[in-house]
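Visitor: Sequence and computational prediction follow.
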Protein chains: 2
Amino acid sequence: MSLVRVHNFSVSLDGFGTGEGQSRDAPFGHAGERLHEWMFATRWWHETIGRPGGTGGLDDALARRFAPDIGAEIMGAGKFGPPGWHEDPEWKGWWGPDPPFRTPVFVLTHHRRPPIGMRGGTTFHFLDAPPAEALGTAREAAGGRDVRVGGGPTVVRDFLAAGLVDRMHVVVVPILLGRGVRLWDGLEGLERDHEVETVSSPSGVTHVTFTRAGP
Amino acid sequence: MSLVRVHNFSVSLDGFGTGEGQSRDAPFGHAGERLHEWMFATRWWHETIGRPGGTGGLDDALARRFAPDIGAEIMGAGKFGPPGWHEDPEWKGWWGPDPPFRTPVFVLTHHRRPPIGMRGGTTFHFLDAPPAEALGTAREAAGGRDVRVGGGPTVVRDFLAAGLVDRMHVVVVPILLGRGVRLWDGLEGLERDHEVETVSSPSGVTHVTFTRAGP
Ligand SMILES: NC(=O)c1ccc[n+]([C@@H]2O[C@H](COP(=O)([O-])OP(=O)(O)OC[C@H]3O[C@@H](n4cnc5c(N)ncnc54)[C@H](OP(=O)(O)O)[C@@H]3O)[C@@H](O)[C@H]2O)c1
Ligand SMILES: NC(=O)c1ccc[n+]([C@@H]2O[C@H](COP(=O)([O-])OP(=O)(O)OC[C@H]3O[C@@H](n4cnc5c(N)ncnc54)[C@H](OP(=O)(O)O)[C@@H]3O)[C@@H](O)[C@H]2O)c1
């Protein structure tokens, strides 16, 4: 059975997966880029954006598990664009003409529109469906490969609460955002269904992996 | 100048320093003992309660920084006793006749009572004063040594928000409590005034130390 995976999902020490005040100029609100600096420093990220250099240690090894064996992504409307994106018929996401997903991407939204084909294998589909049903659709498109739940925090939380996530990689960044959207709310006892492993990185972040206990 | 220190303060991954439903039978509410199992396993804890054995690694090394150079503790009414303790004139804290503090302890409470002298050097004083004023009193009693802020989460948070904490050792336990009292609320930007270091332990917990940037 194909797995449901979350990768490189960054939260502040106080549990926020994005800041307050998201806008076209500030995709993460007042958090700025602070939640993902650890990732931008990796060799994997440098390769992704076609630049030389980058770190090659623990952060890199974990970050680059993002793509292998993934056949589709599910993301929330809040990851696809800033508040109000659906009023702009030209909005095609943050990622330019050649988005890094390279698979079908299912955008969960109450504002559906026709699919948008992009370069490099990414197609954005717009879906108004509860998590389990959206997963069924994404699984079909993934052709036996895994489905990534790409965020934001609301959607990851919803999939966790529905018991649909098999593997999750969360990165705790040692900053206190104080406000924004929390990842962890309403997930009491999540550790009972998952093995949790924690490893701190010399970069200062902490990687927490959740692996759903096998049958 | 004597320092203000927090030690062995345990929170769940979702940031709770205690669970919901505190009572005489459940000092940490539904959290039970799960926030402190890492500590109970250490050699330091075993020594404290007069038992042989215990682990001798990272958890132990950090845990045993609790006592050295401490001349007084400040704690909240919620650490001193369960809800309603002040209606029981016989209540003398959770720790039996010989509490592990061995210094003056200032219990912040709106329900003052006369001091209680215990065995082994602990005296409980009851103080109704804002954090900075309480610290002044505790510092005087500490005779030049450091003051520990002992918890619970409300009092630690208040002292952090007032900018009074010089050293803090927080232990993140990989469980999700879902409800209780949060440590981190309202502390946006705390990392700006502190160096933050994170190290994960083979036991599964993560130690996060905050050191206030020197002048
Ligand atoms: N920390 C990280 O690693 C990370 C990763 C990815 C993104 N992010 C950030 O996270 C933020 C977005 O997160 P968010 O929590 O605000 O929003 P989100 O999870 O991306 O999206 C939530 C929105 O998606 C739509 N939606 C969700 N489930 C749905 C369903 N079942 N059916 C129909 N529509 C559904 C709803 O929007 P509508 O009702 O408006 O359609 C809902 O408000 C952005 O700032 C982004 O940059 C962070
Ligand atoms: N996670 C850990 O490592 C750790 C460490 C220690 C304790 N704990 C747990 O934490 C829980 C208690 O924490 P909590 O956050 O509920 O309460 P708390 O921080 O221990 O105490 C808060 C209470 O103290 C009194 N108080 C605080 N500041 C005051 C001031 N400036 N002046 C006068 N009174 C003041 C008030 O009570 P009144 O108005 O009733 O007097 C207030 O409600 C317990 O379950 C305890 O076992 C956890």
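Guide: That came in fine, so what should we check first? Residues are numbered from 1 along each chain as shown, chains lettered A, B, ... in the order given. Ligands and ions are numbered 1, 2, ... in the order given.

Visitor: contacting residues for the closest residue to A:Leu164 other than its chain neighbours?
Guide: Distance criterion Cβ to Cβ, 6 or more residues apart in numbering or on different chains; nearest residue to A:Leu164, sequence neighbours excluded, is A:Val4 at 5.4 Å. For glycine as for every other residue, the C-beta is placed from the backbone atoms N, C-alpha and C. By Cβ atoms under 8 Å, 6 or more residues apart in numbering or on different chains, the contact list for A:Val4 reads A:135, A:146-149, A:159, A:164-167.

Visitor: A:Gly186 against B:Arg179, yeah?
Guide: No. Contact criterion Cβ atoms under 8 Å: A:Gly186 and B:Arg179 do not qualify, at 9.2 Å.

Visitor: Looking at these two, which is more packed in?
Guide: Taking neighbours as other Cβ atoms under 10 Å in any protein chain shown, A:Gly186 and B:Arg179 compare with B:Arg179 leading, 17 against 14.

Visitor: Spit out the contact partners of the residue most central in space within chain A.
Guide: Closest residue to the average C-alpha location of chain A: A:Gly150 at 2.6 Å, with Cα atoms, centre = their mean. Contacts for A:Gly150 (Cβ under 8 Å, 6+ apart) come out as A:6, A:73-75, A:79, A:101, A:105.

Visitor: Over to A:Leu62?
Guide: A:Leu62 touches A:8, A:169, A:171, A:207, A:209, counting by Cβ under 8 Å, 6+ apart.

Visitor: could the residues you listed be laid out in a markdown table, adding secondary structure?
Guide: A markdown table is the format used below for those (DSSP: H, G, I helix; E, B strand; the rest coil):
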| residue | secondary structure |
| --- | --- |
| A:Asn8 | strand |
| A:His169 | strand |
| A:Val171 | strand |
| A:His207 | strand |
| A:Thr209 | strand |
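
Visitor: ok, and which of those residues reach ligand 2?
Guide: Among the contacts of A:Leu62, not one lies near ligand 2 by Cβ under 6 Å from any ligand atom.

Visitor: Just grab the bridge partners of the residue nearest to A:Leu164 for me.
Guide: Under DSSP bridges, the beta-bridge partners of A:Val4 are A:Val147.

Visitor: Check A:Met168 too.
Guide: In this entry, A:Met168 is beta-bridged to A:Val6, A:Phe210, by DSSP bridges.

Visitor: looking at it, it is touching A:Val196, isn't it?
Guide: No. The criterion here is Cβ under 8 Å, and A:Met168 misses it with A:Val196 at 9.4 Å.

Visitor: more neighbours, these two?
Guide: Neighbour comparison, A:Met168 and A:Val196: the larger count goes to A:Met168, with 23 against 18 (by other Cβ under 10 Å).

Visitor: need the contact list for A:Ala77.
Guide: When contacts are counted by Cβ under 8 Å, 6+ apart, A:Ala77 touches A:85-86, A:107-111.

Visitor: To clarify, my last question referred to A:Val11.
Guide: A:Val11 neighbours (Cβ under 8 Å, 6+ apart): A:17, A:35, A:153, A:170-173, A:183-184.

Visitor: how far away is it from B:Val149?
Guide: 26 Å (Cβ to Cβ, to the nearest Å).

Visitor: Which of the helices or strands spans A:Asn188?
Guide: Careful, residue A:188 is Glu; it's not Asn. Using DSSP states H and E, A:Glu188 is not contained in any helix or strand.

Visitor: buried ones in the longest helix seen in chain A?
Guide: As assigned by DSSP state H, the longest helix anywhere in chain A is helix A:131-142. By neighbour count on 16 or more other Cβ atoms under 10 Å in any protein chain shown, the buried set for helix A:131-142 is A:131, A:134-135, A:137-139, A:141-142.

Visitor: Kindly report the same for stretch A:206-215.
Guide: Within stretch A:206-215, the residues that count as buried by 16+ other Cβ under 10 Å are A:206-210, A:212.

Visitor: And these, which is closest to A:Thr42?
Guide: Closest to A:Thr42 out of the buried residues of stretch A:206-215 is A:His207 (12.2 Å), distances taken as Cβ to Cβ.

Visitor: could I get stretch A:26-44 in CSV with only the CA atoms?
Guide: Output of stretch A:26-44 as CSV, limited to C-alpha atoms (Å, rounded to 0.1, in the frame of the first residue of the first chain):
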residue,chain,number,x,y,z
ALA,A,26,5.1,37.6,3.0
PRO,A,27,4.1,34.0,2.3
PHE,A,28,4.9,33.0,5.9
GLY,A,29,3.7,36.2,7.5
HIS,A,30,5.9,37.6,10.2
ALA,A,31,7.9,34.4,10.3
GLY,A,32,9.6,35.4,7.1
GLU,A,33,12.0,32.8,6.0
ARG,A,34,13.1,31.8,9.4
LEU,A,35,11.3,28.5,9.5
HIS,A,36,13.2,27.2,6.4
GLU,A,37,16.7,28.6,6.7
TRP,A,38,18.0,25.2,7.8
MET,A,39,16.6,23.8,4.5
PHE,A,40,17.9,26.6,2.2
ALA,A,41,21.4,25.8,3.5
THR,A,42,21.4,22.2,2.3
ARG,A,43,23.0,20.9,-0.8
TRP,A,44,19.7,19.4,-1.7
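
Visitor: Noted, bye for now.
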